[in-house]
Each structure stands twice: as structure tokens, then as C-alpha cells.
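Student: Requesting a structural model of the entry that follows:
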Amino acid sequence: MTGIAVSGVAGRMGKSIVSAVVENKALELTGALESPGHPSVGKDAGLVCGLEKTGVKVADTPERAFRKADVIIDFSTPEASIRNLEVASAMGKAIVIGTTGFSHHHRERMSELSRAARVVAAPNMSIGVNLLFKLVEAASMALGDDYDSEIIEYHHRHKVDAPSGSALRIAEVMAHTLKRDMEKVLVYARKGIIGERANGEIGIQSVRAGDIVGDHVVLFAGNGERVELIHRAHSRSTFARGAVRAALWLVDKPVGLYDMQDVLGLR
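Tutor: Numbers count the residues shown, from 1 in each chain. Okay, the predicted model is just below:
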């Protein structure tokens, strides 16, 4: 049985992940982490998540929370995720990271640490979204420069970063496939007299409203037709199940930095 520690256990995603771990007979919840001073610290992780008692107390340091785990699942903040990765690496633990909003410096640090640690990091753990990435690659290759491309992402009003990590990953897939410089072609908003659309633009529009879990619409528009690829997440459980699948996949892999395309065999 694989031992799992969950970081950010009292958050929306943390609760979904704990539920997914408890439901999976191949897994055992062995640790739970929250920030120092959080009201859940010291309480049973199951009760914090609205479940039955698990016998696992919520800790306020990663060293304590990760002690009995084989794999850590982390959906927190960029700074906390990097700290948790540093601790996991030092302790010889594998880690699955679903946090978004990483800076270039964060990504460099993650890459550096993965030379001595097993890491799956992905902006979206949903199996469907990762299939969407593959479909975007195929569509970009087939349609080429004759079609304009736009990405519209919808999330709940509490999401703090924009665009979403998944939208940026879609744009990255497009730019790489079409051999464009992503930093030069991305357009995040349009207002006023902006003139005609420039060739090669990739537009990203962000919507924040209500309790939308996460929708992504990818539009390819040409003369006389358009192609739309759409993924809609109805529940956070889809991300939790993907994270659990990644944890089970990662436990016996060699050190390195992986993503969900590796987990799902889509490369």
C-alpha cells in the first residue's frame, strides 16, 4: 500500500484529494499538512475534510507531515510548493505538484531539485484536459498558420492567478507546434482601437465568476469555418483522481521531472 501525504489539506482541492485517497484501496493517508496557525492544525484530517476519522493529525511542518509518506500530493501556493519539494527531495520522497502560478525562477528551482527527486508537476491533473493538450497539438499541426487561435478560460471568482496554468500550457503547446515565440505572440486582453489582428497572435481571455470549477475553450478560426475544442470540469474530484493516478504512477519511477503527459502515456 502506498502512503500519501496531502499538503493544503483544508483547502478545496486538499479535501477532494483526501477523499480520493481514502476511497482508493491501494493508498493510505499517512500525513496531512497546513500552514502554521491554521485552525485545522492538530485536528484529525478526516474530520477536517468532512469524512470519518483517519487517525492522521494535521501537521504544520512538512517534515512531520511527510515522515511516513511515499508520495506527497501538493496543491498549495508556488512558494509553499517549492518548500515542500525541497523537503521531499531531502527526505527521499516523491511529490505530485498541481499548483499553478509559478514564476520562471520557481520553475528553474523545480528543475534543479528534480535532478535528485521524483516529481510530477502539471498545471492541470485532469485526464480530459491532458487529452485536450494532445488534441491542441494535433489541431495546430494540421491547421497551421491559416487559422487564428484563441483560448478562453473560465474559473471561479476565488482563483487568484490569471491566465490559468492550463491556458498557458495550451498556448505553450500551440506556440511550440507552430514554431512561434510564445512571449512575443501572446495577447492577454483587447480594448479600444487595436487595429487588425496581427498574424500569429495567440489570444488568451480569462473569466472569473461564481463557482465555475474550470472550463477551457480553444478556438481555431479560418475563412469559412472554425474548430472548437472544449473541456469543462464539473467537479474538483476530476483533478483529485488525476493526482492520485499520478502518485501511483510515480512511486517506482526514477528521479526526474515528469508531467501528466508522461503519466498518461501521451508522449
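
Student: quick one: K53 and K43 touch, right?
Tutor: No - using C-beta atoms under 8 Å, K53 is not in contact with K43; the gap is 10.0 Å. No exception for glycine: its C-beta is placed from N, CA and C like everyone else's.

Student: So for these two, which sits in the more crowded spot?
Tutor: Between K53 and K43, K43 has the larger neighbour count (other C-beta atoms under 10 Å), namely 18 against 10.

Student: does the residue nearest to that one when sequence neighbours are not counted count as helix, strand or coil?
Tutor: Closest residue to K43 apart from its sequence neighbours, by C-beta to C-beta, 6 or more residues apart in numbering: V58 at 5.6 Å. Under DSSP: H, G, I helix; E, B strand; the rest coil, V58 falls in the strand class.

Student: V58 and S164, how far apart?
Tutor: Plainly put, V58 is 28 Å away from S164 if you go by C-beta to C-beta, to the nearest Å.

Student: show me what contacts the residue nearest to K43?
Tutor: Shown in contact with V58 (C-beta atoms under 8 Å, 6 or more residues apart in numbering): 9-10, 32-34, 38, 40-45, 48, 65.

Student: Which residue ranges of this protein form strands?
Tutor: 2-7, 27-33, 58-59, 71-74, 94-97, 118-121, 148-155, 186-187, 202-208, 214-222, 225-233, 256-258 (DSSP state E).

Student: which residues are contacting the fifth one?
Tutor: Right, the one you point to is strand 94-97. With C-beta under 8 Å, 6+ apart as the test, strand 94-97 has contacts from 70-75, 81, 84-85, 88, 110, 117-122, 125, 243, 246-247, 250-251, 253.

Student: ChimeraX command to pick out the buried ones of these?
Tutor: Filtering the contacts of strand 94-97 down to the buried ones (16 or more other C-beta atoms under 10 Å) takes a single ChimeraX command:
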select :70,71,72,73,74,75,81,84,85,88,110,117,118,119,120,121,122,125,243,246,247,250,251
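
Student: Residues in a beta bridge with I230, which ones?
Tutor: Beta-bridge pairing for I230 (DSSP bridges): V217.

Student: For stretch 82-95, the averaged confidence score.
Tutor: For stretch 82-95, the mean pLDDT works out to 97.

Student: List the buried residues for that stretch?
Tutor: Buried residues in stretch 82-95, counted by 16+ other C-beta under 10 Å: 82, 84-85, 87-89, 93-95.

Student: Take these and keep only those in helices.
Tutor: 82, 84-85, 87-89 (DSSP state H).

Student: so can I have a markdown table of these showing distance to K184?
Tutor: Shown next, in a markdown table, are these (distance: C-beta to C-beta, whole Å):
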| residue | distance to K184 |
| --- | --- |
| I82 | 28 |
| N84 | 34 |
| L85 | 31 |
| V87 | 38 |
| A88 | 36 |
| S89 | 35 |
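
Student: Out of those, which comes closest to D262?
Tutor: Nearest to D262 out of these is L85 (C-beta to C-beta; 17.3 Å).

Student: is it true that that closest one touches A116?
Tutor: No - L85 is beyond contact range of A116, at 10.6 Å (criterion: C-beta under 8 Å).

Student: For G265, grab the count of nearby residues.
Tutor: 7.

Student: Please report how far it lies from Y258.
Tutor: Applying C-beta to C-beta to G265 and Y258 gives a distance of 12 Å.

Student: same thing with M1?
Tutor: In this view, M1 and Y258 are 22 Å apart by C-beta to C-beta.

Student: who's more crowded, the two?
Tutor: Y258 (21 against 10).

Student: confidence score at E150?
Tutor: 98.

Student: before we move on, what about the one 5 residues further on?
Tutor: pLDDT, H155: 97.

Student: my read: it touches G214, true?
Tutor: Yes - H155 is within contact range of G214, at 5.5 Å (criterion: C-beta under 8 Å).

Student: so what sits against both of these two?
Tutor: Taking C-beta under 8 Å, 6+ apart as the contact rule, H155 and G214 both touch S164.

Student: which of these two has more neighbours?
Tutor: Neighbours per residue (other C-beta under 10 Å) separate H155 from G214, with H155 holding more: 25 against 22.
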